[in-house]
Structures are given as structure tokens and as C-alpha cells.
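Chemist: Need coordinates for the following:
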Amino acid sequence: MLRGAARGFAPAMSSAWREVGLIAALGLLGLVGLGSIGLVDYDEAAYAEVARAMFESGDWLVPHLCGAVFFEKPPLLYWLQALGFAVFGVGEVGARIGTALAGAATPIALWGFARGPLGARAALLSALVLATSLEFFALSRIAFTDMLLVLWFTICLGALSRAIRTPERGVGWFALACTAAALAVLRQGAIGVLLP
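Modeler: A predicted model of the protein is given here:
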């Protein structure tokens, strides 16, 4: 009996891994040529400059733009950009890698949370539609705040849904939802808690 269950489980797992691989491959396309164009907007340049100042000064608590204190946004994007500068050097790739990886992770998170309530096919299609949407793809290649907020909201709402649907593991899912909401606050402020 266990062998029969294991045989039925193995194809389902290999199918799930293929789906994750397809979604991840689409998401990772956003990394191709990430530094091929310069910073395209005042906001993208300002955020990158704040992160560069953090990276070079070592002061990761107080953001500065051209020497002036700059508390326009919470610090998560700046921190990710500064880490990107540490790994890839100061430039477009370092400034954009955090949002590009968030853009690659969001469809995977959507797929994972949608499989239970919607079924495997609908979850895959929804993740593929998101990953191939032009605006979503474009925003994942620019160092704006949007992609990080979308990722944390997706995880927060998906984990809240799981906490409600599976009360035996609800505490763990609720803790994940709270963590994602906290990261959304570090990205966008109070809306990270108010909207969920």
C-alpha cells in the first residue's frame, strides 16, 4: 500500500518541480541584461545614491542623499541595494538585483499559495500570467519600491489564507504572514500592516 502511495506521490512531485522550474526560469529572465541601461528615473537614481552612501559610509541606519538626511522611504530597498553593491559593485546591477530577485520570487510565491485553493492548473496559469505580464516584468528590472511590496503582500496574504485554511499549522503560517507584513512596513511604511 505504501509503495502505491509513493508511486502516486513521485509523479506529482516531479510535476511540481517542473512547474517551479518553469516559473523560476521566466523570473530569472529578468536578470538578463539588468545593467544594460543606466538608471532611468529620478527616484531610481535617488534610491541608488542613498544606498551608495550607506554602502560607502557604513551608516546603514540614517539614509543620506547628497549629504542631506533623506527619510522619504523606509530602508529595506536601500539595504538591498547596498548589499547588491557589496556583491556586484556600485552600478546598475547592484542597484536593481534586489527588485529583480523579488520579481522572480513573486510568481513562485503566488503559485505556491494558489495550488491549494485553486488547484495545480489554475495556480500554474496565474503564476505564468503574472511572470509574463509586461508591466510586472518591467518593474522587476527597475530599482523602484513596487516589486518588494508586491512580494511581501503576496506572501503575507497567502500565509494568512493558509493559517485560516489549516488551523493545525495556523500559528506558523500566521508568523510567516506577520514577518512578511513587517518586511512590507520596512519597504513602504504603515501600509504594510494596514492593507493586509
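Chemist: ok, and the residue nearest the centre of the chain, which helix or strand is that part of?
Modeler: Nearest to the mean C-alpha position of the chain, counting by C-alpha atoms, centre = their mean, stands Ala102 at 2.6 Å. Using DSSP states H and E, Ala102 sits within helix 92-118.
Chemist: Next, the angle from the helix or strand that comes right after that helix to helix 92-118.
Modeler: Sequence order places helix 120-131 as the next helix or strand after helix 92-118, per DSSP H and E. Interaxial angle of helix 120-131 relative to helix 92-118 (axes from the mean of the first three to the mean of the last three C-alpha atoms, to 10 degrees): 150 degrees.
Chemist: buried sites along the next helix or strand after helix 120-131?
Modeler: Sequence-wise, the next helix or strand downstream of helix 120-131 (DSSP H and E) is helix 134-139. For helix 134-139, the neighbour count (16 or more other C-beta atoms under 10 Å) marks Phe136, Phe137, Leu139 as buried. C-betas here are computed from N, CA, C, even on glycine.
Chemist: which SS class is Phe71?
Modeler: Put simply, Phe71 is coil when judged by DSSP: H, G, I helix; E, B strand; the rest coil.
Chemist: for it, phi and psi?
Modeler: Dihedral angles of Phe71 (phi, psi; degrees, to the nearest 10) stand at phi -100, psi 40.
Chemist: Okay, it and Ala104: tell me how far apart.
Modeler: 29 Å (C-beta to C-beta, to the nearest Å).
Chemist: repeat for Val150
Modeler: From Val150 across to Ala104, the span is 12 Å (C-beta to C-beta).
Chemist: One more: Trp79?
Modeler: From Trp79 to Ala104 the distance is 19 Å (C-beta to C-beta).
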